[in-house]
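Asks: Quick check, what structure comes out for this input:
(one chain, ligands or ions: 1)
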Amino acid sequence: MVVLQAGYYGASISFSFPELAIISPRPKLPPPEAVIGCQSLALSSVQLRRLRVAPISSTMASRSTTQEVLPPALDSTSDPPPIFDGTTRLYISYTCPYAQRVWITRNCKGLQDKIKLIPIDLQNRPAWYKEKVYPANKVPALEHNNEVKGESLDLIKYIDSHFEGPSLFIDDPVKQDFAEELLSYTDSFRKDVYSSIKGNVYEAGAAFDYIEKALSKFDDGPFLLGQFSLVDIAYIPFIERFQPFLLDVKNYDITLGRPKMAAWIEEMNKIEGYKQTRHDPRELVESLKKRLMAQL
Ligand SMILES: N[C@@H](CCC(=O)N[C@@H](CS)C(=O)NCC(=O)O)C(=O)O
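Replies: Below you'll find the predicted structure:
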């Protein structure tokens, strides 16, 4: 695990993964006053060195550097917010990879003041969430213009096209076609890796090879469409979980022999809007282990 930690800017948030059952009754959250961002965290000297030397391009730098104070999660004892009062609200769980996609999108567009985060404790959900906000009773959900919408892949596109901030969709028909192909593969990707965790991990190789090949398609940048886009945002929460888990549990390094993947992860780790949503990899691994054990 030492190797892994050099590349991470951990935040003290625990993790939940829907297919892998439960971790703890209540996710461990940062104290209300905690600031999620590299400055507030206890970093090792290696991490600090990486942070100082990390080259951040001007485009990256403009992608939101707001250090946000995260609100505590609402649980069954919490009152609902004043729903449909005109405020735009993003209901998330700090531990949900699907919600993380939308949270990253909101951060990367610099919408911290326009879209209010409402974290929900999924293990002790408030009844009003299903009754008054989102009958599907899942996160993420977005309250906007007197409506509530769900589904992370729909929401990242919706936020990108309905709100201000830098566009995260690439205006090129060839890239757009490829974006749709990649987005429609996200679910199979997740399922393939998940089933390989239970069985032969080398079967996951094909899923990671697909990503490696995708990263080779455009040579105008290290991201899945060359330049940073919603497609990177759709995959990264799952890679963030699979990478440390497979390394720890199966001794399988997803970046070995996949140089594009290694470079992509390194570049993603420099995106401020993503960094603010990241989890401590040790907690990810421990949570996944517990969940997997519960299923065996
Ligand atoms: N397809 C949905 C999946 C969302 C999802 O499964 N969220 C989980 C948390 S990671 C959830 O809310 N689970 C609560 C439940 O199923 O009761 C999306 O992409 O938004």
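Asks: and stretch 183-202, does that touch the ligand?
Replies: No - if you take Cβ under 6 Å from any ligand atom as the test, stretch 183-202 misses the ligand, and the best it gets is 8.1 Å. (Glycine included, C-beta is placed from N, CA and C.)
Asks: how far out from the middle of the chain is that stretch?
Replies: Centroid displacement of stretch 183-202 relative to its chain, using Cα atoms, centre = their mean, to the nearest Å, is 17 Å.
Asks: tell me the mean pLDDT for it?
Replies: The average pLDDT for stretch 183-202 rounds to 89.
Asks: Go through it and flag the buried ones.
Replies: 183, 185-186, 189-190, 192-194, 196-197, 201 (16 or more other Cβ atoms under 10 Å).
Asks: repeat for stretch 121-132
Replies: 121-123, 125-126, 129.
Asks: Widest-spaced pair of those residues?
Replies: Using Cβ to Cβ, the two most remote members of these are Gln123 and Tyr129, lying 12.7 Å apart.
Asks: now the helices for the protein?
Replies: 2-5, 45-53, 58-62, 97-108, 127-128, 152-162, 173-198, 205-215, 230-250, 259-268, 272-275, 281-295 (DSSP state H).
Asks: so which of these gets nearest Asp75?
Replies: helix 127-128 (10.6 Å).
Asks: And the residue sitting furthest away from the middle of the chain, how far from the ligand?
Replies: Relative to the mean C-alpha coordinate of the chain, counting by Cα atoms, centre = their mean, the farthest residue is Asp85 (28.1 Å). Here Asp85 is placed at a distance of 24 Å from the ligand (Cβ to the nearest ligand atom, to the nearest Å).
Asks: what does the protein have sitting close to the ligand?
Replies: Residues of the chain lying near the ligand (Cβ under 6 Å from any ligand atom): 16, 18, 93, 96, 98, 122, 137-140, 150-153.
Asks: For ChimeraX, what selects the buried ones among these?
Replies: With 16+ other Cβ under 10 Å as the criterion, this ChimeraX line picks the buried residues out of these:
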select :16,93,96,98,122,138,139,140,150,151,152,153
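Asks: As JSON lines, the residues of the chain next to the ligand with pLDDT and distance to Ile265 would be great.
Replies: What follows is the residues of the chain next to the ligand, written out as JSON lines (pLDDT from 0 to 100; distance: Cβ to Cβ, whole Å):
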{"residue": "Ser16", "pLDDT": "34", "distance to Ile265": "22"}
{"residue": "Pro18", "pLDDT": "40", "distance to Ile265": "23"}
{"residue": "Ser93", "pLDDT": "95", "distance to Ile265": "23"}
{"residue": "Cys96", "pLDDT": "93", "distance to Ile265": "20"}
{"residue": "Tyr98", "pLDDT": "97", "distance to Ile265": "20"}
{"residue": "Leu122", "pLDDT": "94", "distance to Ile265": "27"}
{"residue": "Asn137", "pLDDT": "98", "distance to Ile265": "33"}
{"residue": "Lys138", "pLDDT": "98", "distance to Ile265": "27"}
{"residue": "Val139", "pLDDT": "98", "distance to Ile265": "25"}
{"residue": "Pro140", "pLDDT": "98", "distance to Ile265": "23"}
{"residue": "Gly150", "pLDDT": "98", "distance to Ile265": "28"}
{"residue": "Glu151", "pLDDT": "98", "distance to Ile265": "26"}
{"residue": "Ser152", "pLDDT": "98", "distance to Ile265": "20"}
{"residue": "Leu153", "pLDDT": "98", "distance to Ile265": "21"}
